[in-house]
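1. Give me coordinates for this.
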Amino acid sequence: MKLGSLLFYLIALGVHCQGHSVHEYAEALSKLDFMSVKKDIEAVLTNSQEFWPADYGHYGPLMIRLAWHCSGAYRNSDGRGGCNGARIRFDPERSWPDNTNVEKARRVLWPVKEKYGIGLSWGDLIVLAGDVAIESMGGPILGFCGGRIDDSDGSASAPLGPSPEQEAVAPCGVDGDCDSPLGPTTMGLIYVNPEGPMGQPDPAGSAPEIRDTFARMGMNDVETVALIGGGHSFGKCHGACPNGAGPSPKMDPTNPWPGLCGTGKLADAFTSGFEGPWTHNPIKWDNSFFKILLGHEWEVHTGPGGHFQWRVVGSNPPTAPGPAGGTQPLMMLTTDIALRTDPAYLAISQSFADNESYFSETFARAWYKLTSRDMGPVTRCVGPMVPPPLPFQLALPPPSATPVNFKHVRPEIVRLLTVSNTVSPDMINGRSSISAWVNQLAWNCASTFRVTNFFGGCNGARIRFSPQKDWPENAGMSQVIDALSPIKQRFGPALSWADLIVYAGQVAIEESTGASLEFCPGRTDASDGSGTETQRPRFFPNDPLTELRESQALLGLTARELVALKGQPRSAAYQQLQGYAGSWMSTQQSLPNAYFTLLLGEVWEPYTNPVSGQAQYKARGKDLFMLPTDLWIRYDAEYEAIAQEFASDSQLFLREFQSAWTKVMIADRFKGPYGNQCTADPRKPPSANHPEGRRGDINFINSKCPFAH
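-> Take a look at the predicted model:
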């Protein structure tokens with residue numbers, strides 16, 4: 001991992017390293033000895049503290065819960081959540097009911113964090129503590145993906161809710177029955193209500209909720225059953241009495257969750273409100289959870305915490321040691337019983353009960369996926385314990401060993417822009433051209449990137465395959481790809497589709513606007529579109545401002561970058577395929593900042609396409625059209641101020657557009673956790689590396705890039 005590339009991406013993403021500079025963080029991370037950290041974590045696991053004595057003398061189950069709940073906030077719908085950022089330390093996550101008492105686990109870990117300083121992020125420490133806890137109790141671990149960077153506050157979790165931000169992007173109609181794009185069914189929980197749907201002990205009704213909410217995190221049935229059974233192989237639930245845990249950290253930061261049952265600790269602890277262990281030995285790994293679940297008959301009852309839970313039928317139930325001595329009967333939750341009532345879950349549970357090795361292997365892979373899902377491709381992982389790529393990491397092949405000379409590719413693209421039989425051309429600057437189509441292809445390919453989970457982008461060129469090529473907003477893109485095919489065929493394997501799409505978009509913009517962009521080659525091609533089902537950009541037809549702000553947030557853009565990118569050429573023919581009447585682009589030659597002069601200078605009136613019913617805006621007396629999101633650039637005060645600057649200064653717009661475009665095109669070119677293969681100077685934005693580049697030249701962003709011939 002190069003220090004310079006790490007620093008650039010930290011700066012580009014606005015990462016704040018808890019008061020330390022990014023230089024200091026990067027240097028400390030590069031020197032961190034993860035194996036020594038593991039040893040220190042293992043030592044604290046059995047060092048029980050008076051402020052929160054360890055159940056069974058072992059903090060392992062508590063650490064697993066901390067790691068699970070930090071990671072399990074992840075949702076596929078927008079890539080938000082997860083332990084990268086360690087926002088479980090802040091509200092809203094730290095005060096979710098499901099996170100009751102996890103702040104005690106962080107307090108136990110503080111000596112380790114204090115010892116290693118900024119090089120060991122809380123995110124890495126929390127996940128690694130969960131791994132070490134599993135191993136210390138005999139459980140399986142596949143590996144560890146290091147490189148999480150801590151957020152300085154919990155603002156990035158506001159869309160997880162409950163909050164106004166969450167209501168805007170992921171509203172819940174009925175709490176307890178929340179739908180995607182939210183991750184859980186119940187606000188403040190990680191997945192589902194363990195008591196059952198809407199608090200009712202209905203295992204058959206709980207099973208589809210489990211399947212749905214785990215799928216929102218990208219887990220299949222086998223992974224789901226393995227994670228539930230693996231997590232419940234350790235520790236116990238805490239619900240000693242119905243009085244509750246007391247005020248949350250948000251309500252009383254001086255004494256959060258003191259516990260209102262007796263001493264509030266050990267046998268008197270209250271966390272979830274359920275009470276009891278699942279297995280005979282709560283600090284030993286095996287497959288007994290499934291043997292116990294399937295080997296007994298269970299009945300529902302109200303536990304001491306006042307919630308529905310399940311016990312073995314009969315007067316002589318199986319027991320486990322109590323958390324501070326003695327014994328207590330085993331229990332199950334409604335969500336556990338669902339694993340034996342649902343036919344698919346039952347078959348998987350039986351296979352795990354019959355074959356402990358299979359269970360261990362499956363759990364190890366599922367746990368790694370759970371704790372690494374928000375880290376993006378494996379190329380972002382650091383440390384000595386990184387396993388080979390798993391399917392969820394969407395690994396790509398290495399780039400060509402004999403890269404193409406892009407100076408030979410450019411003339412072919414320029415020729416294509418005015419001669420194509422596969423795409424309906426537009427009139428741009430007074431001549432027939434498909435350049436707006438070509439730059440739209442590059443944009444649609446690259447703008448799937450999400451800074452929330454580091455997936456998406458054009459590396460891999462998955463826009464060629466289903467499901468991306470079938471998305472409505474990609475109508476016509478297959479024809480543009482067909483138009484580029486002769487160029488791809490001419491240069492063969494030396495030219496990847498991903499590089500061709502991005503470079504063609506760049507050339508198209510340069511030819512139509514006079515911009516001078518930079519290009520960093522070295523992308524490679526995926527063999528299919530698997531894993532991209534949830535990367536489709538979200539649209540908010542009834543709330544254009546939320547759509548703009550959500551796009552800005554997920555792409556990791558500043559407000560200025562978002563506004564600048566709205567000024568890119570837009571094909572009228574493409575807009576018509578989307579059900580709109582046309583584009584803001586006229587057939588007359590115009591200044592590069594024409595979008596902003598038109599947006600601010602024309603009188604825009606609501607217009608409904610008579611064929612599609614799509615709502616947009618039409619300039620009074622002219623055949624120029626804008627979308628609702630365009631008009632909100634004018635209506636929103638912050639966006640409007642930026643648009644006014646661009647309308648009055650064409651060169652300012654061009655400079656900022658070039659920088660923003662390049663940022664999106666290279667956002668997925670990872671090198672380490674926050675490194676980028678395409679940056680030469682970490683102190684400057686991408687477009688500043690070649691400020692004197694001439695139009696028509698190929699400005700390779702990184703002069704040391706091995707593919708920049």
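2. Test my guess that Met658 contacts Gly514.
-> For the record, residue 658 is Gln, not Met. No. Contact criterion Cβ atoms under 8 Å: Gln658 and Gly514 do not qualify, at 10.7 Å. For glycine as for every other residue, the C-beta is placed from the backbone atoms N, C-alpha and C.
3. more neighbours, these two?
-> Remark: of Gln658 and Gly514, Gln658 carries more neighbours, 27 against 13, as counted by other Cβ atoms under 10 Å.
4. any idea how far the more buried one is from Gln506?
-> Remark: distance between Gln658 and Gln506 (Cβ to Cβ, to the nearest Å) = 10 Å.
5. before we move on, what about Glu638?
-> 28 Å.
6. Looking at those two, which one has more neighbours?
-> More neighbours surround Gln506 than the other of Glu638 and Gln506, with 27 against 12 (other Cβ under 10 Å).
7. nearest spatial neighbour of the more buried one, skipping sequence neighbours?
-> Leu517 (4.6 Å; Cβ to Cβ, 6 or more residues apart in numbering).
8. Kindly report the same for Ala366.
-> Glu223 (4.1 Å).
9. Tell me who's in contact with the one you found.
-> Phe214, Thr362, Arg365, Ala366, Lys369 (Cβ atoms under 8 Å, 6 or more residues apart in numbering).
10. Tell me the secondary structure at it.
-> Secondary structure for Glu223, judged by DSSP: H, G, I helix; E, B strand; the rest coil, is helix.
11. Let me know the pLDDT of it.
-> For Glu223, the model assigns a pLDDT of 98.
12. contacts for stretch 486-498?
-> With contacts defined as Cβ under 8 Å, 6+ apart, stretch 486-498 is touched by 399-400, 402-404, 408-409, 412-413, 416, 445, 458-461, 464, 481, 500, 504, 523-525.
13. ok, 6 Å please
-> Residues from elsewhere that reach stretch 486-498 (Cβ atoms under 6 Å, 6 or more residues apart in numbering): Ser400, Thr402, Pro403, Val404, Glu412, Cys458, Asn459, Ala461, Leu500, Arg523, Thr524, Asp525.
14. and the spatially closest residue to Ser571 that is not a sequence neighbour, how many neighbours?
-> Distances taken as Cβ to Cβ, 6+ apart put Ala436 closest to Ser571, at 3.7 Å, once the chain neighbours are dropped. Burial measure for Ala436: 26 neighbouring residues, criterion other Cβ under 10 Å.
15. Next secondary structure after the helix or strand containing Ala436?
-> Assigned by DSSP states H and E, Ala436 belongs to helix 435-446. Going down the chain from helix 435-446, the next helix or strand is helix 477-491, by DSSP H and E.
16. quick revisit: just the CA coordinates of the helix holding Ala436, formatted as CSV?
-> Written as CSV, here are the backbone C-alpha positions of helix 435-446 (Å, rounded to 0.1, in the frame of the first residue of the first chain):
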residue,chain,number,x,y,z
SER,A,435,-21.1,12.2,-28.2
ALA,A,436,-23.8,12.8,-25.6
TRP,A,437,-24.8,9.2,-25.9
VAL,A,438,-21.2,8.0,-25.4
ASN,A,439,-20.6,10.2,-22.4
GLN,A,440,-24.0,9.0,-21.0
LEU,A,441,-22.7,5.5,-21.2
ALA,A,442,-19.6,6.3,-19.3
TRP,A,443,-21.6,8.2,-16.7
ASN,A,444,-24.2,5.4,-16.3
CYS,A,445,-21.4,2.9,-16.0
ALA,A,446,-19.4,4.8,-13.4
